[in-house]
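Asks: any chance you could fold what I've pasted below:
(one chain, ligands or ions: 2)
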Amino acid sequence: MDKDTNIRFLKGVGEKRAGILAKLGIFTVGDLLRFYPRDYLDWRKITPIFEAPVGEVCCIKAIVNHKPHGVKIRKGMTIYKTVVTDGSGLMDITIFNSKYTAESLEAGREYLFYGKIEDNYRRRQMSSPMVAPVAGGERLVPVYRQSAGINSKYIEKLIKQAYIQGNDYFTECLPASLREKLCLMDVNRAVHEMHFPTDEDMLSEARRRLIFEELFIFRIGLMLLKGNRKETTPVKIERDLTEEFFSLLPFTPTGAQRRAVRESMEQMLSQTTMNRLLQGDVGSGKTAVAAALIYTAAGNGYQSAFMAPTEILARQHYNTCVRLFKDTDIKIELLTGSVTAANKRKIKERLRSGETGLIIGTHALIQDDVEFNSLGLVITDEQHRFGVKHRGALGSKGDRPHTLVMSATPIPRTLALMIYGDLDISVLDELPPGRQQTDTFVIDSSKRARAFNYVRKHLDAGRQGYIVCPLVEEDESELASAKNYAENLSRGFFGNYRVGLLHGKMKASEKDDVMSRFVSGETQLLVATTVIEVGVDVPNAVIMVIENAERFGLSQLHQLRGRVGRGDEKATCILITDARGENARRRMNIMKSTTDGFKIADADLKMRGPGDFFGSRQHGLPEMKIAMFTDTPLLNEANKFATQTVENDPQLAAPENRGLRSAVAELFKKEYVLN
Ligand code: ADP
Ligand code: MG
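Replies: Ligands and ions are numbered 1, 2, ... in the order given. Prediction:
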């Protein structure tokens, strides 16, 4: 048996169970062993019955008085009862319908019982406790993620079986010198410790080793993916036209905007390729920074490409740029999926000839037949929306053009470093003047009418607003469906107002129509699904209501809320939810208490895994099994040593890096093949 052995070869895994395991991502013995527990129960801390607090989960070590006897309470349901004692007191044990557990208990023998302490007015009691023999039972017991038809115990048994039939399943991928330097446990030891921890210290060493491994390999993978940075470029930017551009702006740039442009400019003038991440919270004015660089590129004879993740956003950028550059001779074009074939051909022709100075668009820009005459600058908005694969695609249409990626997802710096690697980072940490914090309220649906009245007041005052609901069609019955919902609103509550509807299933041209009517103020209220999430900018919109707010993640709520409060006036965001759960309540409280994107992102990252954080499938990053991106010291270490390793051995060709090389290839196999 080795790590690639199919899971079906283990006893107790039939076709059906194999199917369930597959859903958990377990296909081979190796997958099984890398399926780490999500938690541990401490069975070593024994509480005397006498002291066991009612309502809490405890481990009791006690002798069984008599063999449990069964009482049939109805057809197919038997309750088994017995009494146990540990000298400090008596405790009732009730077992529901598990003949197997009941019969395994023998009178006069001592067992461990793990469960919640109840009080049945006579004495303490445990219902359906977990039971284990005393020998070997006092330990940290792993808890695995379960799935219908498979429980934690079952997975534990399979893992035991795998270790009976084999050992040392994994080849060490970390170079020995590195392991020594950082005192990292060997891989097989670490994996074994995860499932059968000796004690907390060993467990935490095992975790440290495995987290490091994952971050390290991940980081190296991204570095190789990107190739070497800091190369010279034939793009000659010799004149800095920033001040000239600033004079075209209808506002005074903020200090942060000036700084970001200056940082970019210095690099572009130095003729090494710029690879920069521009981070700025929603509304911080990233577009103006992008436009400044475009202006200078154009003035130096270079074309720019500006890519956005959605059609709405691309069109918005197009409109903004057309306005900003109206007194210049920069020719601007928009290329999206909805442009007719004939027009596309003409647009591409003008791009190839060099007539077009700036092309703005969606994914359509990275199609093969889009060619440039002199591409000098590539800008991507809301970068995290594009997969790893798409990252380099636009840039490769020119000869080492400068790139700027913009992101409103304020990720912690260490994480940004991890994901964006050698990108330089500029941060817009200052909002344009006059902005006021958006007030946020959380209400339940019984107060919806009041919220809507409040919306009406704003509309009456000439303002605009959004109502956000999660879905388009009524495919999940209890959810507000945008379509029905909008129709009801426009007949009922907002019968005297002009209501627009925007959702993801509309054709691009319809979306554009709806959006431009909202931008022009023709519609007062926009009922929308999350398509408005990204980047949409209508400063006159000052109120937003979000239905089923519990359905959204924190970062998403933050993005949504960022659609209001973009002008001088105070804005309001009302979250409607009837969810009572702990998690939902925590999220709502965070939204109420802060508008700081970094704080929200941090909280989000801690509450969910990094995978979810980036919207699992959208980010295009490989899945992490154990790594927490919140572990800053370990992240820094992984970053540092990954950089060193790749600098010393860019091809990972040295014998001691061989294991590393295949581990990287393995992690990125769906995205990328090492050459
Ligand atoms: P984001 O960073 O979210 O992409 P935008 O670039 O869309 O932000 O800018 C948000 C709004 O703020 C726009 O209406 C823009 O015109 C305005 N804006 C940007 N910079 C300034 C500034 N320095 N002063 C005043 N308004 C600004
Ligand atoms: Mg934006």
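Asks: and the stretch 351-500 of the chain, which residues reach ligand 1?
Replies: A408, P432 (C-beta under 6 Å from any ligand atom). Where you see a C-beta, it was placed from the backbone N, CA and C, and this is true even at glycine.
Asks: where do the strands sit along the stretch 351-500 of the chain?
Replies: Secondary structure of the stretch 351-500 of the chain (DSSP state E, counting those that start in this stretch): strands at 358-361, 375-380, 402-407, 424-428, 439-443, 464-468, 499-502.
Asks: how about the ones you listed, which one is nearest K16?
Replies: strand 464-468 (41.4 Å; C-beta to C-beta).
Asks: dump that closest one to PDB, restricted to CA.
Replies: Output of strand 464-468 as PDB, limited to C-alpha atoms (Å, rounded to 0.1, in the frame of the first residue of the first chain):
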ATOM      1  CA  GLN A 464     -31.100  57.500  -5.300                       C
ATOM      2  CA  GLY A 465     -30.900  54.100  -3.600                       C
ATOM      3  CA  TYR A 466     -30.300  50.400  -4.000                       C
ATOM      4  CA  ILE A 467     -32.100  47.400  -2.800                       C
ATOM      5  CA  VAL A 468     -30.000  44.300  -2.900                       C
END
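Asks: which one is R179 nearest to, not counting chain neighbours?
Replies: Leaving aside its chain neighbours, R179 sits nearest to D186 (7.2 Å; criterion: C-beta to C-beta, 6 or more residues apart in numbering).
Asks: isn't that neighbour right up against T171?
Replies: No. Counting by C-beta atoms under 8 Å, D186 does not reach T171; the two are 10.6 Å apart.
Asks: okay, these two: which has more neighbours?
Replies: D186 (15 against 12; other C-beta atoms under 10 Å).
Asks: can you give me the distance of that one to K160?
Replies: Distance, D186 to K160, using C-beta to C-beta, to the nearest Å: 21 Å.
Asks: try V468
Replies: 49 Å.
Asks: same thing with I7?
Replies: From I7 to K160 the distance is 14 Å (C-beta to C-beta).
Asks: V664 belongs to a strand, doesn't it?
Replies: No. With DSSP: H, G, I helix; E, B strand; the rest coil as the criterion, V664 is assigned helix and is not in a strand.
Asks: could you check the pLDDT of the residue nearest to R179?
Replies: Per-residue pLDDT puts D186 at 95.
Asks: same question, G609
Replies: Looking at G609, the pLDDT reads 52.
Asks: cool, E533 as well?
Replies: The per-residue pLDDT reported for E533 equals 59.
Asks: check the one 10 residues further on too.
Replies: At I543, the predicted lDDT confidence score is 96.
Asks: ok, the nearest residue to it once chain neighbours are set aside - contacts?
Replies: Excluding the flanking residues, the one nearest I543 by C-beta to C-beta, 6+ apart is G465, at 4.0 Å. Applying C-beta atoms under 8 Å, 6 or more residues apart in numbering to G465 gives the contacts V455, H458, L459, Q524, L525, L526, A541, V542, I543, M544, V545, V564.
Asks: of those, which is the most crowded?
Replies: L525 (29 neighbours).
Asks: right, and it touches N496 too?
Replies: No. Using C-beta under 8 Å, L525 makes no contact with N496, being 11.0 Å away.
Asks: tell me the confidence at M77?
Replies: 88.
Asks: so who does it touch?
Replies: Contacts for M77 (C-beta under 8 Å, 6+ apart) come out as F96, N97.
Asks: so L526: helix, strand or coil?
Replies: With three-state DSSP as the criterion, L526 reads strand.
Asks: now do N648 against ligand 1, distance only.
Replies: Taking C-beta to the nearest ligand atom, to the nearest Å as the measure, N648 falls 39 Å from ligand 1.
Asks: same check on F113?
Replies: From F113 over to ligand 1 (counting by C-beta to the nearest ligand atom), the distance is 57 Å.
Asks: try R517
Replies: Counting by C-beta to the nearest ligand atom - R517 and ligand 1 are separated by 18 Å.
Asks: what's the answer for G521, then?
Replies: Counting by C-beta to the nearest ligand atom, the gap from G521 to ligand 1 is 15 Å.
Asks: how about the stretch 451-600 of the chain: which residue is closest to ligand 1?
Replies: Evaluated by C-beta to the nearest ligand atom, the stretch 451-600 of the chain has D537 as its residue closest to ligand 1, separated by 4.2 Å.
Asks: my guess is that residue contacts R566, does it?
Replies: Yes. D537 lies in contact with R566 (C-beta under 8 Å); the separation is 6.0 Å.
Asks: between the two, which one's more packed in?
Replies: R566 (22 against 18).
Asks: in a helix, the more buried one, correct?
Replies: No. Counting by three-state DSSP, R566 is not part of a helix but coil.
Asks: these two touch, right, it and V536?
Replies: No. Applying C-beta under 8 Å as the test, R566 and V536 come out as separate, 9.5 Å apart.
Asks: circling back to that earlier point, wait, what's in contact with the residue of the stretch 451-600 of the chain closest to ligand 1?
Replies: Q316, T320, R563, R566.
Asks: so after the least confident helix or strand in the chain by mean pLDDT, what's the next helix or strand?
Replies: Ranked by mean pLDDT, DSSP states H and E, the helix or strand of the chain with the weakest confidence is helix 610-613, at a mean of 45. Following helix 610-613 in sequence order, the next helix or strand is helix 632-648 (DSSP states H and E).
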